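Student: Next one to model:
(chains A, B, C and D)
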4 protein chains.
Amino acid sequence: MRTNPLNVGIIGAGRIGKVHAEGLAFRLPEARILAIADVNREAAQAVATRCGIPTVAESSQQILANPEIEAVLICSSTDTHAGLIVQAARAGKHIFCEKPISHSLGEIHRALEAVERAGIKLQIGFNRRFDANFARVRQAVVSGEIGTPRLMHIISRDPAPPPLAYIRSSGGIFLDMTIHDFDMARFLIGDEVEEIYTSGGVMVDPEIGAAGDLDTALIVLRFKNGVIGTIDNSRQAAYGYDQRVEILGSRGSIGTQNCYPNQAVVSTATEVRRDLPLNFFMDRYTESFVSEVRAFVTAVREDGPTPVAGIDGLVAVVMAIAARQSYEQHRPVRLDEIAAPVR
Amino acid sequence: MRTNPLNVGIIGAGRIGKVHAEGLAFRLPEARILAIADVNREAAQAVATRCGIPTVAESSQQILANPEIEAVLICSSTDTHAGLIVQAARAGKHIFCEKPISHSLGEIHRALEAVERAGIKLQIGFNRRFDANFARVRQAVVSGEIGTPRLMHIISRDPAPPPLAYIRSSGGIFLDMTIHDFDMARFLIGDEVEEIYTSGGVMVDPEIGAAGDLDTALIVLRFKNGVIGTIDNSRQAAYGYDQRVEILGSRGSIGTQNCYPNQAVVSTATEVRRDLPLNFFMDRYTESFVSEVRAFVTAVREDGPTPVAGIDGLVAVVMAIAARQSYEQHRPVRLDEIAAPVR
Amino acid sequence: MRTNPLNVGIIGAGRIGKVHAEGLAFRLPEARILAIADVNREAAQAVATRCGIPTVAESSQQILANPEIEAVLICSSTDTHAGLIVQAARAGKHIFCEKPISHSLGEIHRALEAVERAGIKLQIGFNRRFDANFARVRQAVVSGEIGTPRLMHIISRDPAPPPLAYIRSSGGIFLDMTIHDFDMARFLIGDEVEEIYTSGGVMVDPEIGAAGDLDTALIVLRFKNGVIGTIDNSRQAAYGYDQRVEILGSRGSIGTQNCYPNQAVVSTATEVRRDLPLNFFMDRYTESFVSEVRAFVTAVREDGPTPVAGIDGLVAVVMAIAARQSYEQHRPVRLDEIAAPVR
Amino acid sequence: MRTNPLNVGIIGAGRIGKVHAEGLAFRLPEARILAIADVNREAAQAVATRCGIPTVAESSQQILANPEIEAVLICSSTDTHAGLIVQAARAGKHIFCEKPISHSLGEIHRALEAVERAGIKLQIGFNRRFDANFARVRQAVVSGEIGTPRLMHIISRDPAPPPLAYIRSSGGIFLDMTIHDFDMARFLIGDEVEEIYTSGGVMVDPEIGAAGDLDTALIVLRFKNGVIGTIDNSRQAAYGYDQRVEILGSRGSIGTQNCYPNQAVVSTATEVRRDLPLNFFMDRYTESFVSEVRAFVTAVREDGPTPVAGIDGLVAVVMAIAARQSYEQHRPVRLDEIAAPVR
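Tutor: Take a look at the predicted model:
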């Protein structure tokens, strides 16, 4: 087995780029960051200093042109993902790309084709699959511990809405938020969704509605194997980040609770209480960000399959489009109705 | 205030008739059972002996003809409810009637008209409103503790399917099982449902499907005030009776857990475990059966409104019909589509 | 098997007398209350009216003289217990007596001797043995579910101190409060205590100290079989009534949580909370009061042993005396040091 | 503020030395490990390779002689701690030392005197103070959230006994295991213990008794401020590592539960269960090991006090000696009875 570390480059030094840089630098000795690039050079420099990265590249091109770099992490803005995947694939780099690949099915298909032609590895950043809670739920399905799944529920609520500017460019709630839950649903059940029905509304902030988006949604999924699932999404939960799932199977059920900063319970003259759950994804999913990159590094070093493939990035976007269409047309929408893009 | 007990008669000495007879005899000194009737006279006699009821009536008619009896509890089979309501109303008796009033909207309307003409009180047996857990959730909505409701979930699963014979005559899952959840949804949110979408299937037992019914259902409710709700129904949960609700509001959420026979937690070399939840409605809702009848007795004795009115019995049936229609037609169905019966 | 109800008389119509009267009247059809007596005749009359008791006796003597009465419940003040046991035993009545039998070991011995001579049944009112939680813990010990017990903890805290007048006459915390926990310890472990060490203080109210009592105590029990136990007592817990136990055994542990009025959890912007536990013994132990009397009635009707015998009433008082002595002498005290009373 | 990293050396490359090396290398960029030494040179080499430590020193002397090294972590066996503290202090190095400092009060005093004379910083490795749960409990005491503390309980049970060879040289349960709990008690209450009473026995393995040690202990602490505490220790808990605390105060209580690898709950036909708690200290206290070293590095870099001082190392040993004496003499022992060593 290979013993020397994997040489990687990072494209994008924003919030998630920084998270991956730190994970690689401080938690994953089996990889080494050779360079980082960002359109904001100062941001790249700051991360490089913090994480001991030797080179701040002039551009993503410079990273892709570096023959020493074997793999890249694409952490730049969504509109650049598909193009960078194509370029990195042509440059022969293995790719870890943040979700979503693109809002356009055509772009996604072109990116995945480039990956296939180049024969390199691609992993999509659906980090929640690597969370200990959800991994345990998946295990209960795979092992038969709860029998054959019948009903599944995902609760996924953010503490507060993102800035309106973000919402206007994100592609909307189904592409910026539910996309994680679409992937989670497929991951937990291990089957494909056939049809989606969406109910939703603007309950948190009318400005979100004015921007053409929803802030509250209830999505019903029907899987090919008959399982019925729901996704409960809210852009605002007063008590913080709410991330739970539950599956009823023929032999039992499994459900997860939120994660808390501590296990202390305080009893006073007015109530029995505990502190609020871990507030947002950076705290809640800390370990999963490290684990997903570790899995990517391992896949490349040991020449195995990546645990989240390009198709997973594609299907989640198809589901988001179907969910939106169901909401607009007020009817259940089959996934095979979503126009297949010209290849 | 009136001090002498209310004189009641009980029609029907089956399972629920026995529960109400015991509640009245041993827990509700403010009422007195004068007579009980059942088509199975032996059953009526057994309950009479157990509960010290002085008279086993020859028929429901005899009970309705007894001038001393002020109120009747209709606990006979569903197909007799509407007719007995009409007769009891004409006889000037106040009525506590088990749900559902009827499978026929026409019959329900005729029964409610008879009640209105007679000016007597009618209470429908939606006992779960009196459960301490759900009452606490309702209180959180009314008091504003969780702000304005946005999303609501009801989990309602039975330990095992009823006999197929029951399913063939019950009107199906929406009328025999979900009807409680339809009422719970209206009770918790305090608003009317506008539209229903149903997804469901036969996952527990193909015989149930052969009998023309479902055993697993996911129902999406859209309330007039915008709240979106779901009802998760299964005729079988391996671990027993599962009865939970959750509401997300603008200022927080409230959710209930199941009730257990004890609060003991055992830790062994293989797991941390507790005993199964209270197994079925007779154990889970014991107190609520007493409370609903106490509320009825109080309403009659103090001449106040009953807490669950005839309209509540009607609307729950309308919802059941809409849910079934949505399932069959594979589309969202508005409640106002359900044909108003000829009055 | 006997089918007619057991005829009982109740001596004492205070709080606990009323509880037992209601349990017998409304929950236990296998018994019938023929008479009740109290030094406060009005109190006895009120309970009689409420519970349909035909006779308000002039005195306890009149009850004991009634040949129809087969068993008596002694619910009067503690100082009358031992004398009434002797009289009731001589009158050939079976006896259910509230705890403690007496503060005097000599009186207890005399009472138990009278019981033995008369050959009647005696049950002491250690109702907590009949609580579902503690019964489940005992079951885990008996069944071997947690292996051989090693360590045991009892938490037993009252919401607020009783009136000072009560404390002055109650015999102090060990006799009025811990006595229940002493019995619970013996019940759970199924073995006798050999030695007691007490640490304690006056932390709640200096007036309690001025009255010669403690309000906070930590008692270490060493059982003959080697198990080490603790009892944590406080006369005040801001959040209400706290009643928990935990046992560590060789194969695992079992612990109980408090009981709550509902299972609802509220999440707000500041905390995740639930309502306070059931506040005091009348709510927390409601069912156990009915169950203990049912067990007594059954023991008499079926001529079986009572589940809590006279010796249990004796040993709990011996433990209370040893605990007090340990506190005063600041050293571990063996139970066999407590002077055996002259018989 | 100082920006360059702190240069440290590590003495001891066993289990805990490796933990600290990894924490420093991968989690604490504000420090840099220059060298590591161990009597087992291969062990030191393995850690050096794993963590990128440039030098494997020939001996601890070589580390202390290195002028570039500013601080040392003493992670060698207990019998070397005191001597190394003295040498490191003379060499002017700041010191982080694992607990206990020594089994001998005389040695501890000599070590602390050397530290004082040298004017360097010393921190003792009581990592549990840095655990999020216990830190939250301490915060509740400091903030007044639960009012004035009255009763405190620490449950501290290991999954399985250590090897007998370890027990024979560890100084026994009070010095190798309870010492953490003694420190925790002082930390949580923020006051000194005045008197200790110990009850205990050999319940897990007679070989432990033959080695002169206990495996099960219940220790009662009386603090100067009147608080009464207990420590429950067992060398074996079938379900794994059990680490909980609870404090009752005048305004409420706070208690912590164990930490689990996930928050999933599985309901089956036989029970409602979750996975076992995190099994041992390496998993349970992972973060606290990093946090304590971070606090040490910060204290040195910013020239502030260390959060766990030499006196804390001393007092915990005094408590262990008193606990043992109480057990042997079967009486409460005051801490001021423990003979002050000749200085």
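Student: Spell out which parts of chain A neighbour chain B.
Tutor: A:147-148, A:150-151, A:153, A:157, A:197, A:199-201, A:203-204, A:216, A:218, A:220, A:222, A:226, A:228, A:230, A:232, A:234, A:236-239, A:242, A:248-253, A:330-332 (CB under 8 Å from any CB of the partner chain). C-betas here are computed from N, CA, C, even on glycine.
Student: nearest residue to residue A:140 other than its sequence neighbours?
Tutor: Excluding the flanking residues, the one nearest residue A:140 by CB to CB, 6 or more residues apart in numbering or on different chains is residue A:254, at 4.5 Å.
Student: ok, now how distant is residue A:70 from residue A:6?
Tutor: 6 Å (CB to CB, to the nearest Å).
Student: Likewise for residue A:255?
Tutor: Counting by CB to CB, the gap from residue A:255 to residue A:6 is 37 Å.
Student: Verify the stated contact: residue A:21 with residue A:56.
Tutor: No: shown here, residue A:21 and residue A:56 do not form a contact pair, counting by CB atoms under 8 Å, at 11.7 Å.
Student: Can you pull the residues that touch both of those two?
Tutor: Listed as contacting both residue A:21 and residue A:56 by CB atoms under 8 Å, 6 or more residues apart in numbering or on different chains are residue A:36.
Student: between these two, who's got more neighbours?
Tutor: Higher neighbour count among residue A:21 and residue A:56: residue A:21, with 26 against 20, using other CB atoms under 10 Å in any protein chain shown.
Student: Tell me the pLDDT of the more buried one.
Tutor: The pLDDT attached to residue A:21 in the predicted structure is 95.
Student: so it is in which element?
Tutor: Element membership of residue A:21 [criterion: DSSP states H and E] is helix A:15-22.
Student: helices or strands next to that helix in the packing?
Tutor: strand A:6-11, strand A:31-37, helix A:41-51, helix A:286-301 (3 or more CB pairs under 8 Å, 6 or more residues apart in numbering or on different chains; DSSP states H and E).
Student: Would you mind pulling the contact partners of that helix?
Tutor: By CB under 8 Å, 6+ apart, helix A:15-22 touches A:10-11, A:13, A:33, A:36, A:38, A:47, A:50-51, A:53, A:73, A:75-76, A:96, A:98, A:125, A:282, A:289, A:293.
Student: Same question for it: list its buried residues.
Tutor: Going by neighbour count (16 or more other CB atoms under 10 Å in any protein chain shown), the buried part of helix A:15-22 is A:16, A:17, A:18, A:19, A:20, A:21, A:22.
Student: Wait, residue A:99 touches residue A:128, no?
Tutor: No: using CB under 8 Å, residue A:99 is not in contact with residue A:128, being 10.3 Å away.
Student: Could you pull out the helices in chain A for me?
Tutor: Secondary structure of chain A by DSSP state H: the helices cover A:15-22, A:41-51, A:60-65, A:78-90, A:105-118, A:132-142, A:164-170, A:173-176, A:178-189, A:206-210, A:281-284, A:286-301, A:310-329.
Student: Can you name the residues of chain A that neighbour chain D?
Tutor: A:26-27, A:29, A:50, A:52, A:132-133, A:135-137, A:140, A:145-146, A:251-259, A:261-269, A:275.
Student: so where's the stretch 201-343 of chain A uncertain?
Tutor: Residue ranges of the stretch 201-343 of chain A with pLDDT under 70: A:339-343.
Student: rewinding a little: the residues of chain A next to chain B in strands, which ones?
Tutor: A:150-151, A:153, A:157, A:197, A:199-201, A:216, A:218, A:220, A:222, A:228, A:230, A:232, A:234, A:242, A:248-249, A:252-253 (DSSP state E).
Student: List only buried entries from the residues you listed.
Tutor: A:150-151, A:153, A:157, A:197, A:199-201, A:216, A:218, A:220, A:222, A:228, A:230, A:232, A:234, A:242, A:248-249, A:252-253.
Student: so how many other residues sit close to the closest residue to residue A:103 other than its chain neighbours?
Tutor: Nearest residue to residue A:103 in three dimensions, chain neighbours excluded: residue A:171, at 4.5 Å (CB to CB, 6+ apart). Residue A:171: 22 surrounding residues under other CB under 10 Å.
Student: ok, which of the ones in strands among the residues of chain A next to chain B also contact chain C?
Tutor: Near chain C, by the rule CB under 8 Å from any CB, you find residue A:242 out of these.
Student: Using CSV, write out every CA atom in stretch A:296-312.
Tutor: Presented in CSV, the C-alpha positions along stretch A:296-312 are these (Å, rounded to 0.1, in the frame of the first residue of the first chain):
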residue,chain,number,x,y,z
PHE,A,296,-11.8,10.7,-0.7
VAL,A,297,-8.1,10.6,0.1
THR,A,298,-8.3,6.9,0.9
ALA,A,299,-10.2,6.2,-2.4
VAL,A,300,-7.5,7.9,-4.4
ARG,A,301,-4.6,6.5,-2.6
GLU,A,302,-5.9,2.9,-2.6
ASP,A,303,-7.5,3.2,-6.0
GLY,A,304,-11.0,2.3,-4.7
PRO,A,305,-14.4,3.8,-5.6
THR,A,306,-15.4,7.1,-3.9
PRO,A,307,-18.3,6.7,-1.5
VAL,A,308,-20.4,9.5,-3.1
ALA,A,309,-20.2,9.4,-6.9
GLY,A,310,-21.0,11.8,-9.7
ILE,A,311,-24.4,10.2,-10.2
ASP,A,312,-25.3,11.1,-6.7
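Student: which residues sit against it?
Tutor: With CB under 8 Å, 6+ apart as the test, stretch A:296-312 has contacts from A:1-2, A:6, A:8, A:28, A:30-31, A:70-71, A:94, A:96, A:101, A:111-112, A:115, A:121-126, A:129, A:183, A:186, A:292, A:295.
Student: Same check on stretch A:333-340?
Tutor: A:105, A:192-197, A:318-319, A:321-323, A:325-326.
Student: Tell me how chain A divides into domains.
Tutor: For chain A, automatic domain parsing gives the domain ranges A:6-120, A:129-281+A:316-337.
Student: Format those as JSON lines; extra columns: distance to residue B:162.
Tutor: Output for the domains of chain A, formatted as JSON lines (distance: least, CB to CB, whole Å):
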{"stretch": "domain A:6-120", "distance to residue B:162": "45"}
{"stretch": "domain A:129-281+A:316-337", "distance to residue B:162": "18"}
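Student: Residue C:163 is nearest to which of those domains?
Tutor: domain A:129-281+A:316-337 (20.2 Å; CB to CB).
Student: Endpoint to endpoint, that closest one covers what distance?
Tutor: In domain A:129-281+A:316-337, first residue to last residue: 27 Å (CA to CA, to the nearest Å).
Student: Likewise for stretch A:62-79?
Tutor: Terminal residues of stretch A:62-79 lie 19 Å apart, using CA to CA.
Student: And for stretch A:243-257?
Tutor: With CA to CA, one end of stretch A:243-257 sits 8 Å from the other.
Student: mind listing what's buried in it?
Tutor: Buried-residue list, stretch A:243-257, by 16+ other CB under 10 Å: A:243-256.
Student: For chain B, what's its nearest residue on the stretch 1-150 of chain A.
Tutor: With CB to the nearest CB, the shortest gap between the stretch 1-150 of chain A and chain B falls at residue A:150, namely 4.8 Å.
Student: was I right about that residue contacting residue A:229?
Tutor: No: assessed by CB under 8 Å, residue A:150 is found out of contact with residue A:229, at 10.0 Å.
Student: quick one: contacts for residue A:215?
Tutor: A:161, A:173, A:201, A:202, A:203, A:204, A:205, A:208, A:209, A:234, A:235, A:236.
Student: which phi and psi does the residue in the stretch 51-200 of chain A positioned nearest to chain C have?
Tutor: The minimum distance from the stretch 51-200 of chain A to chain C, using CB to the nearest CB, falls at residue A:159 (9.5 Å). Main-chain torsions, residue A:159, degrees, to the nearest 10: phi -70, psi -40.
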